[in-house]
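>>> This is the structure alone, sequence omitted:
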Ligand code: SF4
Ligand code: SF4
């Protein structure tokens, strides 16, 4: 069971994305649409997240509104391709029926000419102003200034020292910076229970030889990693691929506390501040100072 | 008869191990039972200039299965003739003859044959016999997201990619005449002088 499932009062069996219809686009950078057709039926009692919500909507008496006239997963994908993509970003992509039947899987917008950022604006800034209050590139942002937190939300681009950092006195107690990179065998926490991928990339704390030798830690030793928020015990990997003064605990590992509350799963979140970043309200995932010792 | 071989592009390989897992999936291997493995190499070091670190570490990866060598030491060392050269020129293990003594592993400079704990016999890459006889690539080759692997007649591969047969930390090709062509990562040339080593022994 996943750590989050352990906290849940009710667990509903959702199927994987291979057992339902889906569609996605190139998110941030790519100009493409990926179709994810249903390959097999959901096994046992599992249902797609959407189907679970549809069943609930029946109980709440809002089935018609929720499904907008009884659409199933595939209907929604068709609607999205035909009514959204084809009418906005991807006018030349084939209609859903043709796209799905061709089994191409991906539609890519052809690129004929190199794209130049802010091209029209740079040629004629008066006619093509930017989407900023002044219509210009803003070196000083009045909007950010109005936030009234110039220390943490500066109106000009500048370096901001992290809340937990190697430069103030707290660093005497916790001298190592910790980060949690996206690890090859998982997608965030998905696949942490996949033994094939996890065997190829076991959960380890990556330590530079300089920091390890100072503490008498050898490659493969169990080490305790802690700060004022929590502690974990994890196997070490001594590597030059991490900078001296920094350790790396790949993010997404499943929380697995022992009877003393020390995490054995290597979940970096137990060391992380819960303080939100001031402007984006994101998690300050890499703002962690710790110390380590041989366990 | 043509001789099959693998092409391994260590410039483009990202060390993602998709090939390793594709092989395990295709051959139903248990976790930790590797017919194809990825060796991570790292070397160089960090320079500390009065508290300012500058970097010159490097890393590259070598994806390796059995090289179906032309001079297979494994075959020579097998006491039961289980290890043999097949009709398509692959080196394979006759499971009825193998007694699991492991002499082949000791003899193979690439550590390719692995004990199958379920059967007590040795096992290794069979070039995906069922796939290549249908003119398909071995599973690992088709799985690679970086297109860093290729497969085929070694003469054709040689023509396409040159004739480099080794890279640090692999053995000298003189030993077994491995049927692999390697595109060497630029840092592999410095590997021996810049104290490079295998970084992921635990996973091999
Ligand atoms: S790589 Fe090893 S097991 Fe494979 S043929 Fe060569 S010597 Fe034999
Ligand atoms: S799948 Fe390709 S890129 Fe990934 S480790 Fe194998 S050869 Fe390298």
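Structure received. Bear in mind the structure is a predicted one, so any value in this text is a computation, not a measurement. Ligands and ions are numbered 1, 2, ... in the order given.
>>> Can you report how many residues neighbour residue B:89?
Residues near residue B:89, counting by other Cβ atoms under 10 Å in any protein chain shown, number 17. In this view, the C-beta of every residue, glycine as well, is placed from N, C-alpha and C.
>>> tell me the contacts of it?
By Cβ atoms under 8 Å, 6 or more residues apart in numbering or on different chains, the contact set of residue B:89 is B:1-4, B:68.
>>> could you show me where the strands are in chain B, in order?
B:4-9, B:37-43, B:46-49, B:52-55, B:58-64, B:83-85, B:91-93, B:114-116, B:121-123, B:149-153, B:180-183, B:197-198 (DSSP state E).
>>> Please spell out which residues along the helix or strand bottoming out on mean pLDDT in chain B are buried.
Between all helices and strands in chain B, the lowest mean by mean pLDDT, DSSP states H and E belongs to strand B:52-55, at a mean of 86. By 16 or more other Cβ atoms under 10 Å in any protein chain shown, strand B:52-55 has no buried positions at all.
>>> Show me what it is packed against.
strand B:46-49 (3 or more Cβ pairs under 8 Å, 6 or more residues apart in numbering or on different chains; DSSP states H and E).
>>> Quick check: closest non-adjacent residue to the residue nearest the centre of chain A.
Nearest residue to the geometric centre of chain A (Cα atoms, centre = their mean): residue A:188, 6.4 Å. The shortest distance from residue A:188 to any non-neighbouring residue, by Cβ to Cβ, 6 or more residues apart in numbering or on different chains, is to residue A:252 (4.5 Å).
>>> low pLDDT regions in the chain?
Going with chain A. Scanning chain A for pLDDT under 70 picks out A:28-29.
>>> um, chain B though
B:191-193.
>>> what does it put close to ligand 2?
Chain B has residues B:13-19, B:38, B:61, B:63, B:144, B:146, B:148-149 near ligand 2, with proximity defined as Cβ under 6 Å from any ligand atom.
>>> With neighbour count as added columns, please give the contacts of residue B:89 in CSV.
Output for the contacts of residue B:89, formatted as CSV (neighbours: other Cβ atoms under 10 Å in any protein chain shown):
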residue, neighbour count
B:1, 6
B:2, 11
B:3, 16
B:4, 18
B:68, 27
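>>> Looking at these, which is nearest residue B:101?
Comparing these against residue B:101 with Cβ to Cβ places residue B:68 closest, at 21.2 Å.
>>> wait, what's in contact with that closest one?
Residue B:68 neighbours (Cβ under 8 Å, 6+ apart): B:3-5, B:89-91, B:125, B:127, B:178-179.
>>> What is the nearest of those to residue A:226?
residue B:125 (44.0 Å).
>>> Name the nearest residue to whatever residue of chain A ends up closest to ligand 1, sequence neighbours excluded.
Relative to ligand 1, the nearest point of chain A is residue A:200 (20.5 Å; Cβ to the nearest ligand atom). Nearest residue to residue A:200, sequence neighbours excluded (Cβ to Cβ, 6+ apart): residue B:17, at 4.2 Å.
>>> how near is that neighbour to residue B:116?
The gap separating residue B:17 from residue B:116 is 20 Å, by Cβ to Cβ, to the nearest Å.
>>> Residue A:242 now?
Distance from residue A:242 to residue B:116, by Cβ to Cβ: 36 Å.
>>> Kindly state the beta-bridge partners for the residue nearest to residue B:179 when sequence neighbours are not counted.
Distances taken as Cβ to Cβ, 6+ apart place residue B:5 nearest to residue B:179, at 3.3 Å, with adjacent residues excluded. In this entry, residue B:5 is beta-bridged to residue B:152, by DSSP bridges.
>>> Compute the number of surrounding residues for residue B:5.
Neighbour number of residue B:5 under other Cβ under 10 Å is 26.
>>> Who are the contact partners of it?
B:67-68, B:151-154, B:157, B:179-181.
>>> who wins for neighbours among those?
Busiest of those [other Cβ under 10 Å] is residue B:68, holding 27 neighbours.
>>> Please report how far that residue lies from residue A:270.
From residue B:68 over to residue A:270 the distance is 48 Å, taken as Cβ to Cβ.
>>> How about residue A:231?
8 Å.
>>> Give the intersection of the neighbour lists for those two.
residue A:263.
>>> that older thread, from the rest of the structure, what touches the least confident helix or strand of chain B?
By Cβ under 8 Å, 6+ apart, strand B:52-55 touches A:243-245, B:44, B:46-47.
>>> Pull out the buried members of these.
A:243-245, B:44, B:46.
>>> Switch those over to TSV; also include distance to ligand 1.
Formatted as TSV, the buried ones among the contacts of strand B:52-55 follow (distance: Cβ to the nearest ligand atom, whole Å):
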residue	distance to ligand 1
A:243	37
A:244	38
A:245	42
B:44	29
B:46	36
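>>> Format those as JSON lines; extra columns: distance to residue B:135.
Converted to JSON lines, the buried ones among the contacts of strand B:52-55 look like this (distance: Cβ to Cβ, whole Å):
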{"residue": "A:243", "distance to residue B:135": "48"}
{"residue": "A:244", "distance to residue B:135": "52"}
{"residue": "A:245", "distance to residue B:135": "54"}
{"residue": "B:44", "distance to residue B:135": "43"}
{"residue": "B:46", "distance to residue B:135": "49"}
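>>> Identify the farthest-apart pair in those.
Among the buried ones among the contacts of strand B:52-55, A:245 and B:44 lie farthest apart (Cβ to Cβ), at 17.4 Å.
>>> quick revisit: what about the residue of chain A closest to ligand 1, neighbour count?
24.
>>> wait, what's in contact with the closest residue to residue B:147 other than its chain neighbours?
Closest residue in space to residue B:147, ignoring its immediate chain neighbours: residue B:12 at 7.0 Å, by Cβ to Cβ, 6+ apart. Residues near residue B:12 by Cβ under 8 Å, 6+ apart: B:146-148, B:183.
>>> Buried residues, stretch B:122-131. List them.
Applying 16+ other Cβ under 10 Å to stretch B:122-131 flags B:122-128, B:131 as buried.
>>> now stretch A:262-276
Under 16+ other Cβ under 10 Å, the buried positions of stretch A:262-276 are A:262-273.
>>> ok, back up a step: farthest pair within the contacts of residue B:68?
Top of the distance list for the contacts of residue B:68 (Cβ to Cβ): B:3 and B:125, 15.1 Å.
>>> Distance check, residue A:216 against ligand 2.
Taking Cβ to the nearest ligand atom, to the nearest Å as the criterion, residue A:216 is separated from ligand 2 by 34 Å.
>>> burial of that residue, as a residue count?
Neighbours around residue A:216, by other Cβ under 10 Å: 9.
>>> residue with max distance from the center of chain B?
Extreme point of chain B relative to centroid (Cα atoms, centre = their mean) is residue B:50; 42.3 Å.
>>> can you confirm residue A:84 is in a helix?
Yes: residue state for residue A:84 (DSSP: H, G, I helix; E, B strand; the rest coil) corresponds to a helix.
>>> Dig out what the most centrally placed residue in chain B forms beta bridges with.
Residue closest to the average C-alpha location in chain B (Cα atoms, centre = their mean): residue B:64, at 1.6 Å. Here residue B:64 sits in beta bridges with residue B:37, going by DSSP bridges.
>>> What residues of stretch A:9-21 count as buried?
Across stretch A:9-21, burial judged by 16+ other Cβ under 10 Å covers A:14-15, A:19-21.
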